[in-house]
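Asker: Sequence first, then the predicted structure, then my questions.
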Amino acid sequence: MSNSRHRPARRVTVYAASSRALAADYFSAASELGRRLAEQGMPICYGGGGAGLMGALANAALEAGGQVHGVIPDFLQEIEAGHDRLTSLEVVSDMRVRKARMLEDSRGVIALPGGCGTFEELFEAITLKRLGFFFGPIILINTRGYYSRLMDFLDHSVAEHFMSKGHAQMWQCVATPDKAVALLDSS
């Protein structure tokens, strides 16, 4: 019998917005992702917030019986309204430690729509994958076409030779959470 059957499932890192002022479709996608990951027995590691897409993701996963680990810098606990019902919440010193901890033991990254924090996390994961420090899939969920312009820009970066064609193979953009979970499940 394989030892892998006795090891806990590796976590899925999810990047998401903390904003509450978003269209309902974004919240629905975040909730669906949380529920589907929980149903597949995939523990989640995310930024630890209780508001916005972060909160919707965590709440849906917890309601479906999933495990949710949050990582939040001390100074953000009030700004991002740290979630108070997680499986575990790790309070760290700063954003750099948060990003590193979120990727530890991660089987893959999923980016829900988000702002500059999500972009920073996403691009760091892509860079680490390019450098050989992260090997899992990187999946963007393109709710309401949110990432379409970013995909166009990344294609432009490849066309202008700032990145090689191989770079474009390091991420995938999907329309729905179920497709993201299916990609993770197949990797």
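Answerer: That came through, no problem.

Asker: For stretch 115-131, give me every contacting residue.
Answerer: Applying CB atoms under 8 Å, 6 or more residues apart in numbering, the contact partners of stretch 115-131 are 13, 15-19, 47, 99, 102-103, 109, 111-112, 134-136, 138, 140, 167, 170-171. All C-beta spots, glycine's among them, are computed from the backbone N, C-alpha and C.

Asker: ok, and for it, which residues are buried?
Answerer: Gly117, Thr118, Glu121, Leu122, Glu124, Ala125, Ile126, Leu128, Lys129 (16 or more other CB atoms under 10 Å).

Asker: immediately after the strand or helix carrying Ala61, which helix or strand?
Answerer: Element membership of Ala61, judged by DSSP states H and E, is helix 52-63. Under the assignment DSSP H and E, the closest C-terminal helix or strand after helix 52-63 is strand 68-73.

Asker: Let me know the next secondary structure element after that following strand.
Answerer: Once the chain leaves strand 68-73, the next helix or strand it forms, by DSSP H and E, is strand 88-92.

Asker: Show me what that following strand is packed up against.
Answerer: On a contact count with 3 or more CB pairs under 8 Å, 6 or more residues apart in numbering; DSSP states H and E, strand 88-92 meets strand 68-73, helix 95-103.

Asker: what's the angle from that strand to strand 68-73?
Answerer: Inter-element angle recorded for strand 88-92 and strand 68-73: 20 degrees (by axes from the mean of the first three to the mean of the last three CA atoms, to 10 degrees).
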